[in-house]
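A.B. asks: Just a sequence and a predicted model for now, questions to come.
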Amino acid sequence: MTETYDDIIHLPHHVSKRHPQMSLYNRAAQFAPFAALTGYEEAIIETARLTAPKVDMMEDNQQLLDRKLALLSHSLREHPTVSITYFQPDKKKSGGQYLTVTGVIKSIRDSERVILMADGKSVSIDTIISIDGDIFSSEEYPSPDDELF
């Protein structure tokens, strides 16, 4: 039984005398995926990235936060350790994320509305939604509900 290509199957491979042989790297590049829309995948990833909306604080919570800040400014000499949760706006789209930083407070700059931490981190007072720490539950310090002045 004869096959269709029996007459040429044992002939040597043709090598062109005019054109140089293509490297394996260049041959493989012909079959690489083609990105017709440059930057499209990055745009999809950015669109899919979730951000949280900024929550407006209730007046009672804002008053409690103000009292806690007043207590902290009076207690800076004791180097209180606190956890501050604040809103960080996203640079590329609306919304942002809520972050929590824990550490010792170095100073509170009322004129700049910033809290400086001992590790160099600064938090804008206007973005803070909660402050927690042992200073607010200690017997030696007044409760945030007590009048400070």
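C.D. replies: Arrived safely.

A.B. asks: Go through the helix or strand where residue 47 lies and flag the buried ones.
C.D. replies: Assigned by DSSP states H and E, residue 47 falls within helix 40-48. Counting neighbours by 16 or more other C-beta atoms under 10 Å, one finds that helix 40-48 has no buried residues. For every residue, glycine as well, the C-beta is placed using N, CA and C.

A.B. asks: Show me what it is packed against.
C.D. replies: Counting contacts by 3 or more C-beta pairs under 8 Å, 6 or more residues apart in numbering; DSSP states H and E, helix 40-48 is packed against no other helix or strand.

A.B. asks: mind saving the C-alpha coords of it as PDB?
C.D. replies: The C-alpha trace of helix 40-48 is given here as PDB (Å, rounded to 0.1, in the frame of the first residue of the first chain):
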ATOM      1  CA  TYR A  40      -7.100  47.600  27.900                       C
ATOM      2  CA  GLU A  41      -6.300  45.000  30.500                       C
ATOM      3  CA  GLU A  42      -4.900  47.600  33.000                       C
ATOM      4  CA  ALA A  43      -8.200  49.600  32.500                       C
ATOM      5  CA  ILE A  44     -10.200  46.500  33.200                       C
ATOM      6  CA  ILE A  45      -8.200  45.800  36.400                       C
ATOM      7  CA  GLU A  46      -8.600  49.500  37.600                       C
ATOM      8  CA  THR A  47     -12.400  49.400  36.900                       C
ATOM      9  CA  ALA A  48     -12.700  46.200  38.900                       C
END
